[in-house]
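**Q** here is my input, please return the structure:
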Amino acid sequence: MGPFSLVSHIFFQFSVCVVTGHEGWQGWRWSSGREGSEEAESQWPEEWAEPPQTQPAPAHSLALRRTEEEEEEELEETAQEKKLRLAKVYLEQLRQQEEEKAEAREFEEDQVAGRLKEDVLEQRGRLQKSVAKEIQAPDPADIRILRGHQLSITCLVVTPDDLAIFSAAKDCTIIKWSVESGRKLHVIPRAKKGTEGQPPGHSTHVLCMAISSDGKYLASGDRSKLILIWEAQSCQHLYTFTGHRDAVSGLAFRRGTHQLYSTSHDRSVKVWNVAENSYVETLFGHQDAVAALDALSRECCVTAGGRDGTVRVWKIPEESQLVFYGHQGSIDSIQLINEEHMVSGADDGSVALWGLSKKRPLALQREAHGLRGEPGLEQPFWVSSVAALLNTDLVATGSHNNSVRLWQCGEGFRQLDLLYDIPLVGFVNSLKFSSAGDFLVAGVGQEHRLGRWWRIKEARNSVCIIPLRRAPRPPAAGS
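**A** Numbering: from 1, shown residues only. Below you'll find the predicted structure:
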């Protein structure tokens, strides 16, 4: 065996020992190639007479070998090969960056598409966001009670920015409250009859209020047939609208405008332009005193017809109306859920969900607040107020059975399921959700807002702020 062949053979066997972890080489005395191949072969360990059994190499040995091989490759590669390798690494980085950008664009496009879909549904009046199931059971200990009125609260509104609440009562006063601190920001006092030069205000029960969607104007109506317009920020009186021939029972601004709708016990609906301090027109159709009114963005409004047993949709440009039947008693409260659906409550104890394309209720919940009276003579608790979180499936109702109830509207508004009972003692005469849906405001009194049929002495005339907390959503798959 020549010197070159012997060196190659020794290197090969040494490599095998390193890979297999064989320790036999440690006791082997290396010999010089000058001593001859025979002497070298005589020093070859006997245990290497046969090829050793291949065993898995330890992980650190493989890692060491890979590192050495990579270093050798880097040393052996030419400048051209290095440029090629670096170019491949750079291209791989660019590919990964483009993939990440594509994923981000796809996510943004999905978000935009979802928002556009919501906008289209909202414009069509058919948007129904599912939020009711996310609402956690309100804790009675968290309810904040604001006291300042001497008599029963009759109505209230929440400013569009959710920072303030306006409440009005049978004591003829209007109070502006801070939502954060619960303090009074301003009080519009009762006006005395027949006194010249007095500050403007109401001299009879305030029955309804409305605030414009930009938060600029506040409108209030009373039993003395007057509608007073205020600057919402400063509570400064601006105008007084006259024209109704009986108590003003409902007010609503058209969203995005300063067009005001009003209704009255004189059975009429009137349209006003607040920005121009002008009267527009009057619509007739109800057969009895109208109890409530609401409106959204479309040039129309809805009314609860009280004892005439109808709900009506007024199309202002066409000067036409749609008539809906469903309740068996006086319909005392109504609110739009979206442009195509609404909820109403009556003194027969029922709550109804309506669609503008159907003359009958899509869903009707009878005895929504239970029964009262002696066995065999039970009567349902009147539904004195309703509220809906705009474009969602969440609805609230109030009565005098010592509770406010939260409901979930089913798919297509064809079902009404009870979620929670929130204890509140007294007549719940008004309910309003905040724009963000993080709290519900209730106006509570000892008496019903429209009369004195009963008196609940243990009740406190107050504004109650009910926090609405949502359960955390489970993390998305893969996040």
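
**Q** separation between V404 and A387?
**A** Look at V404 and A387: by C-beta to C-beta, to the nearest Å, they are 9 Å apart. In this view, the C-beta of every residue, glycine as well, is placed from N, C-alpha and C.

**Q** contacting residues around the residue nearest to K170 when sequence neighbours are not counted?
**A** Leaving aside its sequence neighbours, K170 sits nearest to L151 (C-beta to C-beta, 6 or more residues apart in numbering; 3.8 Å). Counting by C-beta atoms under 8 Å, 6 or more residues apart in numbering, L151 makes contact with 169-171, 445-447, 461.

**Q** any chance of those residues in TSV with pLDDT and neighbour count as columns?
**A** Formatted as TSV, those follow (pLDDT from 0 to 100; neighbours: other C-beta atoms under 10 Å):
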residue	pLDDT	neighbour count
A169	97	26
K170	96	23
D171	95	20
G445	96	26
Q446	95	21
E447	95	22
N461	96	23
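
**Q** A219: which of these is nearest?
**A** A169 (16.6 Å; C-beta to C-beta).

**Q** does that closest one have beta-bridge partners, and which?
**A** I153 (DSSP bridges).

**Q** distance to P423 and secondary structure added to the contacts of L151, as TSV?
**A** Listed next are the contacts of L151 as TSV, based on distance: C-beta to C-beta, whole Å; DSSP: H, G, I helix; E, B strand; the rest coil:
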residue	distance to P423	secondary structure
A169	22	strand
K170	23	coil
D171	25	coil
G445	16	strand
Q446	16	coil
E447	19	coil
N461	17	coil
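
**Q** one step back: now the residue nearest to K170: which helix or strand?
**A** Of the helices and strands defined by DSSP states H and E, none includes L151.

**Q** roughly how far does it sit from L218?
**A** From L151 to L218 the distance is 20 Å (C-beta to C-beta).

**Q** any idea which element the nearest residue to V269 once chain neighbours are set aside lies in?
**A** Take V269 and drop its neighbours on the chain: the residue closest to it by C-beta to C-beta, 6+ apart is L283, 4.4 Å away. L283 is part of strand 278-284, with elements assigned from DSSP H and E.

**Q** quick one: strands adjacent to that strand?
**A** Sheet pairing for strand 278-284, using DSSP bridges, gives strand 268-273 (antiparallel).

**Q** how far does stretch 167-177 stretch from start to finish?
**A** 8 Å (C-alpha to C-alpha, to the nearest Å).

**Q** in this protein, which spans are helices?
**A** Secondary structure of the chain by DSSP state H: the helices cover 3-20, 37-42, 59-76, 79-124.

**Q** residue contacts, R405?
**A** Contacts here follow C-beta under 8 Å, 6+ apart; on that basis R405 touches 368-369, 396-398, 418-422.

**Q** out of these, who has the most neighbours?
**A** G398 (30 neighbours; other C-beta atoms under 10 Å).

**Q** if that residue is in a bridge, with which residues?
**A** In beta-bridge terms (that is, DSSP bridges), G398 pairs with S385, V404.

**Q** surely it and V404 touch.
**A** Yes - using C-beta atoms under 8 Å, G398 is in contact with V404, at 5.2 Å.

**Q** what touches both of those two?
**A** By C-beta under 8 Å, 6+ apart, G398 and V404 have these common neighbours: 424, 428, 431, 442.

**Q** ok, now how distant is the closest residue to the first one other than its chain neighbours from F284?
**A** I take that to be L424. Leaving out its chain neighbours, the residue that sits closest to L424 by C-beta to C-beta, 6+ apart is V404, at 5.4 Å. According to C-beta to C-beta, V404 stands 35 Å off from F284.

**Q** compare these two (neighbour count), which wins?
**A** Neighbours per residue, other C-beta under 10 Å: of V404 and F284, the larger number sits with V404, 26 against 9.

**Q** about what we covered before: how confident was the prediction at the residue nearest to K170?
**A** On pLDDT, L151 comes in at 95.

**Q** V179: neighbouring residues, count only.
**A** Around V179 there are 18 residues (other C-beta under 10 Å).

**Q** do K432 as well
**A** There are 23 residues near K432, going by other C-beta under 10 Å.

**Q** equivalent analysis for T78, please.
**A** T78: 8 neighbours (other C-beta under 10 Å).

**Q** now R254
**A** Neighbours of R254 (other C-beta under 10 Å): 20.

**Q** please name the nearest non-neighbouring residue to it.
**A** Closest to R254 by C-beta to C-beta, 6+ apart is A295, at 5.3 Å.

**Q** do the same with R245
**A** Closest to R245 by C-beta to C-beta, 6+ apart is D266, at 4.2 Å.

**Q** my guess is that neighbour contacts G243. True?
**A** No - if you go by C-beta under 8 Å, D266 and G243 don't touch, sitting 9.5 Å apart.

**Q** show me how the record splits the chain into domains.
**A** Recorded structural domains for the chain (assignment: automatic domain parsing) are 3-76, 87-124, 132-467.

**Q** on that earlier part again, which neighbours do V404 and A387 share?
**A** 396-397, 431, 440.

**Q** how far does stretch 349-363 stretch from start to finish?
**A** 14 Å.

**Q** check the offset of it from the chain's centre.
**A** With C-alpha atoms, centre = their mean, to the nearest Å as the basis, stretch 349-363 stands 24 Å off its chain's centre.

**Q** show me what counts as buried in it.
**A** Within stretch 349-363, the residues scored as buried using 16 or more other C-beta atoms under 10 Å are 349-356, 361-363.

**Q** any idea which of the contacts of R405 is closest to W230?
**A** Checking the contacts of R405 one by one against W230 (C-beta to C-beta), the nearest turns out to be G398, at 25.7 Å.

**Q** now the strands for the stretch 351-479 of the chain?
**A** 351-355, 363-365, 371-372, 379-380, 385-388, 394-398, 403-409, 416-423, 427-433, 439-445, 462-467 (DSSP state E, counting those that start in this stretch).
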